[in-house]
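Undergrad: just need the structure, nothing else, for what follows:
(chains A, B, C, D, E and F)
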Protein chains: 4
Amino acid sequence: MRKVDQIKHEERRQQILQSAALCFARDGFRGASISEICAEAKMSSGHLYHYFPSKEAIVSAMTEGSLGRAAEHFERLMQSPDLIHAFITEITKAKRGLISQSLVFDVLAEAGRNAKLAEILRRHTIALRALLADFLRKAQVQGRINSELNAEMTAAVLMAIFDGARTMLVRDPQLDKGDSADYLELLVTRFLTLQDSGQSDKG
Amino acid sequence: MRKVDQIKHEERRQQILQSAALCFARDGFRGASISEICAEAKMSSGHLYHYFPSKEAIVSAMTEGSLGRAAEHFERLMQSPDLIHAFITEITKAKRGLISQSLVFDVLAEAGRNAKLAEILRRHTIALRALLADFLRKAQVQGRINSELNAEMTAAVLMAIFDGARTMLVRDPQLDKGDSADYLELLVTRFLTLQDSGQSDKG
Amino acid sequence: MRKVDQIKHEERRQQILQSAALCFARDGFRGASISEICAEAKMSSGHLYHYFPSKEAIVSAMTEGSLGRAAEHFERLMQSPDLIHAFITEITKAKRGLISQSLVFDVLAEAGRNAKLAEILRRHTIALRALLADFLRKAQVQGRINSELNAEMTAAVLMAIFDGARTMLVRDPQLDKGDSADYLELLVTRFLTLQDSGQSDKG
Amino acid sequence: MRKVDQIKHEERRQQILQSAALCFARDGFRGASISEICAEAKMSSGHLYHYFPSKEAIVSAMTEGSLGRAAEHFERLMQSPDLIHAFITEITKAKRGLISQSLVFDVLAEAGRNAKLAEILRRHTIALRALLADFLRKAQVQGRINSELNAEMTAAVLMAIFDGARTMLVRDPQLDKGDSADYLELLVTRFLTLQDSGQSDKG
DNA sequence: CATGAATGAGCTTTCATTCAT
DNA sequence: CATGAATGAAAGCTCATTCAT
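TA: Sure thing, here's the model as predicted:
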């Protein structure tokens, strides 16, 4: 019985976080109110506080969860035969639309002010980067990518590119998604595959 | 008399926008209150509304101004002998710290919800991209970068990389700035200078 | 439990409306502030908004309620053996004093600007007029009043006189209430009972 | 020169009062702001305070002026061959529309709270009533109206009817203006012209 | 005579949070 | 487990009024 309760408790928590994610994406961390989240989760405000001690805790838990799920998604994508293509496509052709993208920027913005959030973001960033670096190292061993590249730094740069891809859509929604995906892919491919010939003629 | 007044009026406006930028960067668009901005601008809340009709107008004007100044700065950077290096350095080694960076993410986040802000962002994005594309075309003529690249799309991708560079700092403040700058530079340089050999072996 | 709650909710609503009526009568619709009403209703401002979505809604509900109660009172008066006398006395000798009268004028004034209020006022006016016209028609059948009079128009004119009676007190509080009541009664009585002789020699 | 100044000063004052009347009619005494009046009078707020020491003073002066002008208008109407008809027509068929009517109700409402306004209203009411009573007494001498009526009280009652006529339009704007005017005229005519036969059979 | 910059109290409304039931 | 009544601080904004120029 105790166990069933705990499971149900966790289910409710997840339901709240899911509702919160929706509201935060729609209206931002500050713009979304507790009562808006309660309405979305079909729950009274009093009851919501049985699951989370404060709004900030919801923000933290929700960010933690979202980043966690993103990492899982990422891991699954890493099984794909063409990782880069899969990633770029995922981001540039996002089905979930701009609103869901906003959440990422909200987290980035808030991380600059909220230490706890910054810590969560950093932890996930490092974990993801490690995962990616590992993958890169294997590819280097297989000779599929430039072996001179530092895997850790390369992973960091790749993540930056994925973030940058996300901004393209927001900055100009009318940009052709296919073209931008192609160019981003080209960018990454060139970066990864070629030997550094050293003769770069910078602009 | 009239002219002096108008100048003073404009000065006051700018002073408010400057204070607003500070407060918004510190606490976000929603988190920063009018009275906080008033305190920063040493001005009563009533008087502030002689200069702007609403908080939203301040957000818009402040964003417009910031993006405008960023574009000017960008144009100046374009005179530098090594554009890419100058850019990357500018972003990764930003002296103004994380707080000022947060503003960019706030704008990106808010643009997903606020149509007016989205329009401002898009306008500046397009203008900047045009500037950059122009620059790239000239470099192509001079044979300094790959002539097969579509200048417009390349410019868009470069801007994405600059945005991505900004996220690196936020995601992991302990990342070595020098290294990350070097890798980003390498990334861009390879992208711009090399001919598409077609034989890329993607991961 | 549910039912008790609902009853208590309605009681609280009525308490607010009663407090609002007092405050509005004392200071006018615009002059009375939400916090004044809250103080009167012994309730925090935040909580008041659980019962009404806006001040305007309070004004509307309060007007609706007041006019409703006035109509009930009116219906009770219609049972009295001498309707006209009862009415005139009611208005000219109002115990509730000038302040309560002011509310009527506030409604009339505001109805010229607030469409919702105008609609409420009109609805109650028409209902009351119908009631009064019905009464007049019965009196006509009984031969107690001039049968040539159009009951509907006569009812409208009677209501105008009742309103006019209300202004007398405000215009000159020192006017003898007994005398003015007598004269108004005479006015109405003559109007209702006499046949139109057509030979009126107007001034 | 001094005299010209004074004339211009008075002209400006009147211009302000006229603008104020418009704004007050449109938005009520509290609803209309000083800056709204300034905009209407094409004058800075600072300058407006050279002519009136406070908003309340404007309300008072404006009421005084309006009532004064109404009295003059009334006096002119008294020259007409058919006073009652002229009056009723004037009120029920008002060209100036509901907004201007609202002002009367605003004054009546505010008089219940503002002693100074009450005094102004009372003074004008008494003056007008005296004028009307005088007129009635002459008509009694000429045998045109019932000589048993007390002229002063009759005048008061007539004024109440005029006020009542004004409410008809506000209470139900769809009421037929012609019919209501006819009935009001009938009401007044019967009241004034017939001998009190004493046999009234009240309802 | 005339302007409009400047104030600060006060307005309506919202919100995160607590608590009695 | 669940509700929603209740709070009070704080939000964005308006306004009558004053004052330096």
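Undergrad: please pull out the lowest mean pLDDT helix or strand from chain A.
TA: helix A:83-92 (a mean of 78; mean pLDDT, DSSP states H and E).
Undergrad: and the angle from the helix or strand following that one to helix B:97-111?
TA: For helix A:83-92, the following helix or strand on the C-terminal side (DSSP states H and E) is helix A:97-111. Angle, helix A:97-111 to helix B:97-111, by axes from the mean of the first three to the mean of the last three CA atoms, to 10 degrees: 160 degrees.
Undergrad: show me what helix A:97-111 is packed against.
TA: helix A:2-27, helix A:55-77, helix A:115-141, helix A:151-171, helix B:97-111, helix B:151-171 (3 or more CB pairs under 8 Å, 6 or more residues apart in numbering or on different chains; DSSP states H and E). Where you see a C-beta, it was placed from the backbone N, CA and C, and this is true even at glycine.
Undergrad: change it to 10 Å
TA: helix A:2-27, helix A:55-77, helix A:115-141, helix A:151-171, helix B:2-31, helix B:97-111, helix B:151-171 (3 or more CB pairs under 10 Å, 6 or more residues apart in numbering or on different chains; DSSP states H and E).
Undergrad: format the ones you listed as TSV; extra columns: mean pLDDT and mean neighbour count.
TA: Converted to TSV, those look like this (pLDDT from 0 to 100; neighbours: other CB atoms under 10 Å in any protein chain shown):
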stretch	mean pLDDT	mean neighbour count
helix A:2-27	89	16
helix A:55-77	92	16
helix A:115-141	94	17
helix A:151-171	92	23
helix B:2-31	91	16
helix B:97-111	83	22
helix B:151-171	92	23
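Undergrad: possible to save the ones you listed as TSV with distance to residue D:105?
TA: As requested, the helices and strands packed on helix A:97-111 are exported to TSV (distance: least, CB to CB, whole Å):
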stretch	distance to residue D:105
helix A:2-27	43
helix A:55-77	48
helix A:115-141	57
helix A:151-171	54
helix B:2-31	42
helix B:97-111	46
helix B:151-171	61
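Undergrad: closest to DNA strand F out of these?
TA: The closest of the helices and strands packed on helix A:97-111 to DNA strand F is helix A:2-27. By CB to the nearest atom of the strand, the value is 5.5 Å.
Undergrad: list the buried residues for the next helix or strand after that closest one?
TA: Proceeding N to C from helix A:2-27, the next assigned helix or strand is helix A:34-41, under DSSP H and E. Neighbour-count burial for helix A:34-41, with 16 or more other CB atoms under 10 Å in any protein chain shown as criterion, is recorded at A:34, A:36, A:37, A:38, A:40, A:41.
Undergrad: for helix A:34-41, the averaged confidence score.
TA: Mean pLDDT, computed over helix A:34-41, is 96.
Undergrad: figure out how far that helix is from the centre of its chain.
TA: Centroid separation for helix A:34-41 versus its chain: 24 Å, with CA atoms, centre = their mean, to the nearest Å.
Undergrad: now the residue of chain A found nearest chain C. Nearest residue, chain neighbours left out?
TA: The nearest approach of chain A to chain C comes at residue A:35, 10.8 Å away (CB to the nearest CB). Once flanking residues are discounted, residue A:35 sits nearest to residue A:45: 5.8 Å by CB to CB, 6 or more residues apart in numbering or on different chains.
Undergrad: now residue A:28
TA: Nearest to residue A:28 is residue A:106, by CB to CB, 6+ apart, at 5.7 Å.
Undergrad: that neighbour reaches residue A:112, doesn't it?
TA: No: using CB atoms under 10 Å, residue A:106 makes no contact with residue A:112, being 11.1 Å away.
Undergrad: next, show the common contact partners of the two.
TA: Common contact partners of residue A:106 and residue A:112 (CB atoms under 10 Å, 6 or more residues apart in numbering or on different chains): B:28, B:105, B:106.
Undergrad: could I get the residues you listed as JSON lines with distance to DNA strand F?
TA: Putting the shared contacts of residue A:106 and residue A:112 into JSON lines (distance: CB to the nearest atom of the strand, whole Å) gives the following:
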{"residue": "B:28", "distance to DNA strand F": "10"}
{"residue": "B:105", "distance to DNA strand F": "19"}
{"residue": "B:106", "distance to DNA strand F": "14"}
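Undergrad: tell me which of the residues you listed is nearest to residue D:83?
TA: Nearest to residue D:83 among those: residue B:28, at 70.8 Å, using CB to CB.
Undergrad: what sits against that closest one?
TA: So residue B:28 contacts A:28-31, A:106, A:109-110, A:112-114, B:102-103, B:105-106, B:109-110 (CB under 10 Å, 6+ apart).
Undergrad: mind running it again at 8 Å?
TA: Going by CB atoms under 8 Å, 6 or more residues apart in numbering or on different chains, residue B:28 touches A:30, A:109, A:110, A:113, B:102, B:106.
Undergrad: what of residue A:188?
TA: Residue A:188 makes contact with A:84, A:88, A:158, A:161 under the criterion CB under 8 Å, 6+ apart.
Undergrad: any idea which element it lies in?
TA: helix A:177-193.
Undergrad: angle of that helix against helix A:151-171?
TA: With the same axes, to 10 degrees applied, the angle from helix A:177-193 to helix A:151-171 works out at 170 degrees.
Undergrad: what pLDDT, on average, does helix A:177-193 get?
TA: 85.
Undergrad: flag every buried residue along that helix.
TA: A:180-193.
Undergrad: who in chain A is up against DNA strand E?
TA: For chain A, the residues in contact with DNA strand E (CB under 7 Å from any atom of the strand) are A:32, A:33, A:34, A:35, A:45, A:46, A:49, A:53, A:54, A:55, A:56.
Undergrad: would you format those residues as TSV with distance to residue C:14 included?
TA: Formatted as TSV, these follow (distance: CB to CB, whole Å):
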residue	distance to residue C:14
A:32	34
A:33	29
A:34	29
A:35	25
A:45	25
A:46	25
A:49	31
A:53	37
A:54	36
A:55	34
A:56	39
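Undergrad: pick out the residue of chain A closest to DNA strand F.
TA: Nearest to DNA strand F in chain A, going by CB to the nearest atom of the strand, is residue A:46, at a distance of 1.4 Å.
Undergrad: quick one: classify that residue as helix, strand or coil.
TA: Applying DSSP: H, G, I helix; E, B strand; the rest coil to residue A:46 yields a three-state assignment of helix.
Undergrad: residue A:174 too?
TA: coil.
Undergrad: do the same with residue A:113
TA: coil.
Undergrad: domain ranges for chain A, per the record?
TA: Domain ranges of chain A: A:1-52, A:56-193, per automatic domain parsing.
Undergrad: span of the last one from start to end?
TA: Domain A:56-193 has an end-to-end distance of 44 Å (criterion: CA to CA, to the nearest Å).
Undergrad: what do you get for stretch A:39-57?
TA: 18 Å.
Undergrad: equivalent analysis for stretch A:140-148, please.
TA: This stretch, stretch A:140-148, spans 9 Å end to end (CA to CA).
Undergrad: sort out which residues of it are buried, please.
TA: Within stretch A:140-148, judged by 16+ other CB under 10 Å, the buried ones are A:140, A:144, A:145, A:146.
Undergrad: any idea how far that stretch is from the chain center?
TA: 26 Å.
Undergrad: so residue A:32 touches residue A:23, yeah?
TA: Yes: if you go by CB atoms under 8 Å, residue A:32 and residue A:23 touch, sitting 3.9 Å apart.
Undergrad: hey, what's in contact with both of those two?
TA: Both residue A:32 and residue A:23 lack any common contact, where contact means CB under 8 Å, 6+ apart.
Undergrad: do you know which of the domains of chain A lies nearest residue C:135?
TA: domain A:1-52 (49.9 Å).
Undergrad: which ones are touching residue A:67?
TA: A:107, A:120, A:121, A:124.
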